[in-house]
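In: give me coordinates for this.
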Amino acid sequence: MMKWSRILIVLYFIYIFFIFQSYKFLILNVSLAYIPLELANLACKKKWHPMFFWPLAALWLLFFPNSPYLLTDFFHLENLRVNAMQIGVFSNDPFIWKHFTVMAVGILFGLYTGFVSLKWMLDALMDRFRTTANSVAYWGTFGVIIVLSGYAIYLGRFARLHTVYLFTDPMYVIHQMVDAFSYEMFYFIACFVVIQTVIYFIFIKFPNKKASAS
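Out: Numbers count the residues shown, from 1 in each chain. The predicted structure follows:
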């Protein structure tokens, strides 16, 4: 799986950079969404010493929200005025649907690789905890991850914070994290907890790490 994922993301970026430059921002967003897969692949390659595994797991957690965050990029399509007539009939203009296809491919790719990485990391964590995928620990860990992810998505979309800001301006990030608390934030998180749970259950039969490692 890793080989094909790397080939696909390179081809996608080449297409956007040289042919479809309207959505160059997707190069950054899809890259950030893809990083968790590489981190999970590295974390699951072998039984790492805890001093290496746990920092790697923490780094994975910082990048994972970039995957479901991609769903919010669909709102960029409203600039195309697909329903400009306001009568419930969408335009069949090929220009609009080309934009939709380019964006949908990047978003679905980022979602798939991100949630594959979530499955792999949960399996690796349960191996550390010496428990099974059907345990309370498994689903409890899953719940904590997707709640934190929903919070991170909110910060990214409304406070305009990127993962890299944690390294370049951590004090600013902490200030924004505190200021973000509101009813709207909790409602948004609840919505994305539902969305991420549904996505995970749709793709519950992810490729087994041992069978697909490069």
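In: going by C-alpha atoms from here, please, whenever you check contacts or count neighbours.
Out: Will do.
In: so after the helix ranked longest in the chain, what's the next helix or strand?
Out: For the chain, the helix with the greatest residue count under DSSP state H is helix 94-129. Following helix 94-129 in sequence order, the next helix or strand is helix 136-158 (DSSP states H and E).
In: separation between Asp169 and Asn66?
Out: 18 Å (Cα to Cα, to the nearest Å).
In: try Met121
Out: For Met121, the distance to Asn66 - Cα to Cα - is 16 Å.
In: which residue is nearest the centroid of this structure?
Out: Geometric centre of the chain, nearest residue: Ser67, 0.8 Å, by Cα atoms, centre = their mean.
In: where in the protein is pLDDT low?
Out: 83-88, 133, 205-214 (pLDDT under 70).
In: could you rerun that using 80?
Out: Counting by pLDDT under 80, the low-confidence segments of the chain come to 21-22, 46, 76-93, 131-134, 162-167, 203-214.
In: the residue nearest to the centre of the chain is in contact with Leu32, isn't it?
Out: Yes - assessed by Cα atoms under 8 Å, Ser67 is found in contact with Leu32 at 7.5 Å.
In: what comes up buried for stretch 134-151?
Out: Ala137, Tyr138, Phe142, Ile145, Ile146, Val147, Leu148, Ser149, Gly150, Tyr151 (16 or more other Cα atoms under 10 Å).
In: settle this for me: the fifth one is touching Gln196, isn't it.
Out: Yes - taking Cα under 8 Å as the contact criterion, Ile146 and Gln196 are neighbours in contact, 6.7 Å apart.
In: run a quick neighbour tally on Phe192.
Out: For Phe192, the count of nearby residues is 22 (other Cα atoms under 10 Å).
In: can you classify Tyr12 by secondary structure?
Out: When classified by DSSP: H, G, I helix; E, B strand; the rest coil, Tyr12 comes out as helix.
In: now do the contacts for it.
Out: Going by Cα atoms under 8 Å, 6 or more residues apart in numbering, Tyr12 touches Gly106.
In: one more time with 10 Å
Out: By Cα atoms under 10 Å, 6 or more residues apart in numbering, the contact set of Tyr12 is Phe20, Leu26, Ile27, Val30, Val102, Val105, Gly106, Phe109.
In: so which of those residues is the most crowded?
Out: Among the contacts of Tyr12, Val30 has more neighbours than the rest - 24 neighbours, counting by other Cα under 10 Å.
In: settle it for me: which of Met121 and Asn66 has more neighbours?
Out: Asn66 (27 against 24).
In: and the gap between the nearest residue to that one once chain neighbours are set aside and Pro68?
Out: Once flanking residues are discounted, Asn66 sits nearest to Ala33: 4.6 Å by Cα to Cα, 6 or more residues apart in numbering. Distance, Ala33 to Pro68, using Cα to Cα: 8 Å.
In: joint contacts of Ser67 and Leu32?
Out: With Cα under 10 Å, 6+ apart as the test, Ser67 and Leu32 both reach Gly110, Gly114.
In: any idea which helix or strand carries the residue nearest to Asn66?
Out: Using DSSP H and E, the element containing Ala33 is helix 25-43.
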